[in-house]
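Undergrad: Predicted model and sequence follow; I will ask about them next.
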Amino acid sequence: MSYLIPCPHCGQRDVGEFRFGGEKGSRPTNPDQLNASQWAHYTYDRKNVMGMQTEWWYHRGGCRQWFLATRSTITNIVEKTWLP
Amino acid sequence: MSRLSTPPSSTLVNRSKPLVFEYNGRRIDACEGDTVASALMASGVDILSRSFKYHRPRGHLCGEGHCPNCMMNVDGSPNVRICSEKVCNGMVVKHQNAIPSPEFDLLAITQKFDFLMPAGFYYKIFHKPRFMWPVFEHFIRKVAGLGVVDGKTPPYRYERQHLRADVVVVGGGPSGLSAALGAAEAGASVTLVEQDSFLGGHFRFQNPESSGFKKVLELEKQVRAKSNIRVLTGAVAFGLYEGNMLGVVQGRRTVRIRAKRVVVASGILERPFVFGNNDLPGIMLGRAVQRLLNLYGVQPGKRAVVVGSNDRALDVAADLLHAGVEVAAYADQRERINDSLESVKLLKSKGVALLPATTAVSADGKMHIRSVTLGPVAGRGENIRLDCDLLVLSVGGDPAIHLVQQGGARGFFEEHRVEFIAKRLGEGHFVAGDSNGVHHEDSILLDGRRAGLAAAQGLGSVDHAAEIADLESRLSANPAVVLNPKTMVAPDGSGKRFVCVCEDVTEKDVCDAIREGFDGIETLKRYSTVSMGPCQGKMCQMSAIGICARETNRTIEETGSTVSRPPFIPITLGALTGRNYHPHKTVPTHSRHAALNAKVISLGDWLRPEMYSNPAEESRAVHERVGLIDVSTLGRIDLRGTDVVKLLDKVYINSWGNLKVGRTRYGVMCDDTGIVFDDGTCARLGDQHYFMTTTTSGVDGVYQWLTSWMAGTSLDVCVTNVTSGYGGVNIAGPRAKEVLGKLTSLNLDSKEFPYMGCVQGQVAGVPCILFRIGFVGELGYEVHFPSFYGEYMWDVIMDAGKEFDIRPFGVETQRILRLQKSHIIIGQDTDAITNPLEANLAWAVKFDKPDFIGRRAIFEAKKQGIKKSLVGFVTRHGEVPEEGTQVMENGYSVGRVTSARFSPHLNKSIGLAWVPTARAKDGQPILIRSKGEWVIADVVTHPFYDPEGARMKG
Ligand code: FES
Ligand SMILES: [Zn+2]
């Protein structure tokens, strides 16, 4: 892994400076109404798309901010990044 | 073989600077600038190694650091290509893979058993009968293979370097130099990476009178004069990775270069040719011969036959004549030889027989070539046999497109040029010169400049589109030069016909494998091992593809090629890892521990005092009087804002709204799968101001966790990681209050400042945050102060404690004290599947909160019932089981020990262990298997020391 990620604050940096935060998803707002398998789906199942994916990144070697990015899981090219 | 009497002006060797080194115990004279190979050849050593399987003698072949023939052990490093290794005074060089020597190798007996090693023998022979395999394996390991790593050689130091460049040009030959100049003139910062120790590529080792030689000298001068070109020689780009990152190895240094654009001008890899006994010493590739003559002034033979397929071959023949070597014949695989060339005129004037449409069919000789049989390319007609001690093969080569292929490009086979051309290049990648299939002398330079300008487009301020277009039209006007013959295989001829010299795979082996059904190029490779040797197919891939295509009646394009992956050349593990740096953080009181001669240990990133005297003495001080421990390594997070309670209620399983100002609380964090991942205390300093402590190693993760739940929300909380801003100590023991009382006017009365209370105030004039907590089980004050007061605070507290005989205590004593209280350490006593209910933290889980991270999953765990529990134990006979050992029942592992220590105060060996919940009752016996011994212990479900907590609360 040696691709570059343009941090919205710091600009192009090596991927090693960042922590991957996983696919963008949202936490259910009504946990109590979900059955166990629905909850397991939220905690364990990922789309794992082949192609463009929106995901969280954290710039630990820089501004220490969370941001969102769209990245191709095939080429690792990061299309764009933005603040939530 | 000997030195030329007068070296050519192009020589790299300084004959007035003698050097000596040792080869197999023998003294070899060399000169500055020599490679080990050139010095050995000048001294008459021509058998450099024995082959992989058959132990056939092998000599100088490619001369460019690719083929396996010249691998030796140099100063303890195995598998060094000595053709590219400069001589240093006093070097110790040894042969490999031959007993006792390459000249006389007993293992050559394996040739007699070649019937045992057909294609795919790995899969057929030696593993039956099964019990014989270890015997065979032992022998095969001895006989086959490469150099041996000698464990006694001291490790070399490897370095790592990081560079940036607008444009990296890989290859310092004519096209690479032109590309670098072009890009530099266009304003780009350029790094030029060249494998050889010199610049100029194959033009540089042509005859010094040639136009190519003069051109690269001039180009080199211009490149060296440019301040925006950095030149790395002796450096190989072994990988082109994502984000245009190039891995380069330069001796014992790995250089990572981040480039905006990459120009690959890495030339060609010269091909050998398949014919009978084509591996005999004395058979060399044309470029190896030119290097020996023109760079090292070494005469590779006395009487040569040259087999070529292009005009470069004629130059090699001419160079041999210039060096006084007799050329017995020049055979060319082409139908016609161009009479108008200077080289042809020279050959004719010297009476060299020119044989068009002719190729080598077989060679003869035992330890060195003695004669060669030439025959018509078409296969029909008369053969002639010529005596010679040197056979030069100059039959073309393959564009070195490995790097751009790694970068995503594909090789497309060009039928008329018989080579793979890289197309569909990755973004920002360019190919130039020989490696781009451009072989005409002028075109090579033009194509380099074209690529250099194109690579710099958009980086500087000037647009070079017009010049690029002009260069393109001039390139298309120049004639296309074809280097390669149609076939890489002689029509017939006797003797072993090697395709792959690395792995000793012959044409017959390849054909057998295809006949057995392995006719795809990738499966053929794996089964026959062709192209799986140290050169990774650089010498043999094209012949293998050619034979595969011929045997399966397919075109080369249909047959395809194998995938190119990094590294392009073999690199040592040392070069990959580099030097190991392990920085430490020290606590603000560090100098005091050093002065007290504390035993310091490395815990995570930190250096911490483990012990000052011994746990018995230290723990006695804490229990009976007072002790002092540094707790600076605790994580600290400051939280303020109107939504701070909302945030805490979300991330902790506990409740926070009901915590009064001036109180602190133990808190546990889980993730949404209900797994405990950190704990600590969190104090309410003000209505909307909290101060959180975390585990030492957990603080970064907790900070990221908190901010991740805030990202994209409108929560009004300011979260600041203040860990390094504070130092901290814990004053613990029955006399702690008296010690602290001497230093502060704060009211320490238990009503004002009770257990789990917190205050902010001055201690010895320093503004501090104080907590009354009891991690070690006695009355204790955790004092956090601005970190630069560390040494001062340590000194005043130690001073104030003198009259109470205060003792510093280390991490080891703290571990015993906390274990006596059954206080768990997250990550040691819990693991990646521990939920709070199992870890005796059920009391902290506030299901009455509508939601928190982990609630749903912990609720589910509760519903399903708890099956394992963390309990304390006392061993019956005082053994201290190793941490991590198993709790056994009926021969099965049912749990494990997570912590265990001998407690000097209790005079018992105690610990924590996971056991089945049914066993989690006081007095239940458990059986632990530790260090091969059985240990019986009894379960204890309450703290071992002061179960009511009267001492820490009092
Ligand atoms: S010749 Fe090196 S792998 Fe075949
Ligand atoms: Zn940043």
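TA: Happy to help now that I have it. Residues are numbered from 1 along each chain as shown, chains lettered A, B, ... in the order given. Ligands and ions are numbered 1, 2, ... in the order given.
Undergrad: Specify the residue ranges that define each domain of chain B.
TA: Using automatic domain parsing, the domain ranges for chain B come out as B:2-119, B:159-269+B:399-477, B:272-377+B:387-395, B:498-573, B:585-818, B:865-954.
Undergrad: is any part of the shortest one close to ligand 1?
TA: Going back to what we said before, that points to domain B:498-573. Yes: judged by C-beta under 6 Å from any ligand atom, domain B:498-573 comes into contact with ligand 1 through B:500-503, B:531-533, B:535-537, B:539-540. (C-beta placed from N, C-alpha, C; glycine too.)
Undergrad: re the thing from before, tell me which of the domains of chain B sits nearest to A:Thr43.
TA: domain B:585-818 (4.9 Å; C-beta to C-beta).
Undergrad: End to end on the closest one, go ahead and measure it.
TA: 24 Å (C-alpha to C-alpha, to the nearest Å).
Undergrad: cool, and stretch B:849-859?
TA: Distance across stretch B:849-859, first residue to last, is 12 Å (C-alpha to C-alpha).
Undergrad: and that stretch, average pLDDT?
TA: The average pLDDT within stretch B:849-859 is 94.
Undergrad: list the buried ones in it?
TA: Neighbour-count burial for stretch B:849-859, counted by 16 or more other C-beta atoms under 10 Å in any protein chain shown, picks out B:849, B:852-859.
Undergrad: quick one: is that stretch near chain A?
TA: Yes: counting by C-beta under 8 Å from any C-beta of the partner chain, chain A has neighbours in stretch B:849-859: B:851, B:855-857.
Undergrad: what's the closest of these to ligand 1?
TA: B:Ala857 (53.9 Å; C-beta to the nearest ligand atom).
Undergrad: Quickly note the distance from the spatially most distant residue from the centre of chain A to B:Asn654.
TA: The outermost residue of chain A, judged against the average C-alpha position, is A:Gln33 (26.7 Å), by C-alpha atoms, centre = their mean. From A:Gln33 across to B:Asn654, the span is 24 Å (C-beta to C-beta, to the nearest Å).
Undergrad: likewise B:Ala39?
TA: Noted for B:Ala39: a distance of 76 Å to B:Asn654, by C-beta to C-beta.
Undergrad: which one of these two has more residues nearby?
TA: B:Ala39 (28 against 21; other C-beta atoms under 10 Å in any protein chain shown).
Undergrad: That one and B:Gly33 touch, don't they?
TA: No: with contact defined as C-beta atoms under 8 Å, B:Ala39 does not count as touching B:Gly33 (10.0 Å).
Undergrad: show me the contacts for the residue of chain A found nearest ligand 1.
TA: Nearest residue of chain A to ligand 1 (C-beta to the nearest ligand atom) works out as A:Ser2 at 27.4 Å. Neighbouring residues of A:Ser2 by C-beta atoms under 8 Å, 6 or more residues apart in numbering or on different chains: A:14-15, B:241-243, B:245, B:256.
Undergrad: any idea which of those is closest to B:Pro754?
TA: So of these, ranked by how close each gets to B:Pro754 (C-beta to C-beta), first place is A:Val15, at 50.1 Å.
Undergrad: Now for that closest one, how many residues are close by?
TA: The tally of other residues near A:Val15 (other C-beta under 10 Å) stands at 17.
Undergrad: how about the helix or strand encompassing A:Trp56 against chain B, any contact?
TA: Assigned by DSSP states H and E, A:Trp56 falls within strand A:52-58. Yes: Strand A:52-58 reaches chain B (C-beta under 8 Å from any C-beta) through A:56, A:58.
Undergrad: Sheet-wise, list the partners of that strand with their directions.
TA: Here strand A:52-58 is paired, per DSSP bridges, with strand A:19-23 (antiparallel), strand A:66-72 (antiparallel).
Undergrad: Need the CA coordinates for the shortest one. CSV is fine.
TA: What follows is strand A:19-23 as a C-alpha-only set of coordinates in CSV (Å, rounded to 0.1, in the frame of the first residue of the first chain):
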residue,chain,number,x,y,z
ARG,A,19,-6.2,5.1,9.9
PHE,A,20,-9.0,3.4,7.9
GLY,A,21,-12.4,3.9,9.6
GLY,A,22,-14.4,1.5,7.5
GLU,A,23,-17.3,1.8,5.1
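Undergrad: Kindly reformat the residues of stretch B:849-859 next to chain A as TSV containing secondary structure.
TA: Compiled in TSV, those are given as follows (DSSP: H, G, I helix; E, B strand; the rest coil):
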residue	secondary structure
B:Asp851	coil
B:Arg855	helix
B:Arg856	helix
B:Ala857	helix
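Undergrad: from those residues, which single one is nearest B:Gly493?
TA: Nearest to B:Gly493, judged by C-beta to C-beta, of the residues of stretch B:849-859 next to chain A is B:Ala857 at 74.4 Å.
Undergrad: Count residues in the vicinity of the nearest residue to that closest one once chain neighbours are set aside, would you?
TA: Of all residues not flanking B:Ala857 in the chain, B:Gly674 sits nearest, at 3.2 Å (C-beta to C-beta, 6 or more residues apart in numbering or on different chains). B:Gly674: 25 surrounding residues under other C-beta under 10 Å.
Undergrad: What are the buried residues along stretch B:29-36?
TA: By 16+ other C-beta under 10 Å, the buried positions in stretch B:29-36 come out as B:30-36.
Undergrad: I'd like the distance between the residue nearest the centre of chain B and chain A.
TA: For chain B, the residue nearest the mean C-alpha position is B:Leu576 (3.5 Å; C-alpha atoms, centre = their mean). Distance, B:Leu576 to chain A, using C-beta to the nearest C-beta, to the nearest Å: 14 Å.
Undergrad: Next: B:Glu503.
TA: Where chain A is concerned, B:Glu503 sits at a distance of 32 Å (C-beta to the nearest C-beta).
Undergrad: What about residue 18, how many residues nearby?
TA: This is for chain A. 18.
Undergrad: my bad, the chain I had in mind was chain B
TA: With neighbours defined by other C-beta under 10 Å, the count for B:Pro18 comes to 12.
Undergrad: cool, B:Met710 as well?
TA: By other C-beta under 10 Å, 20 other residues sit near B:Met710.
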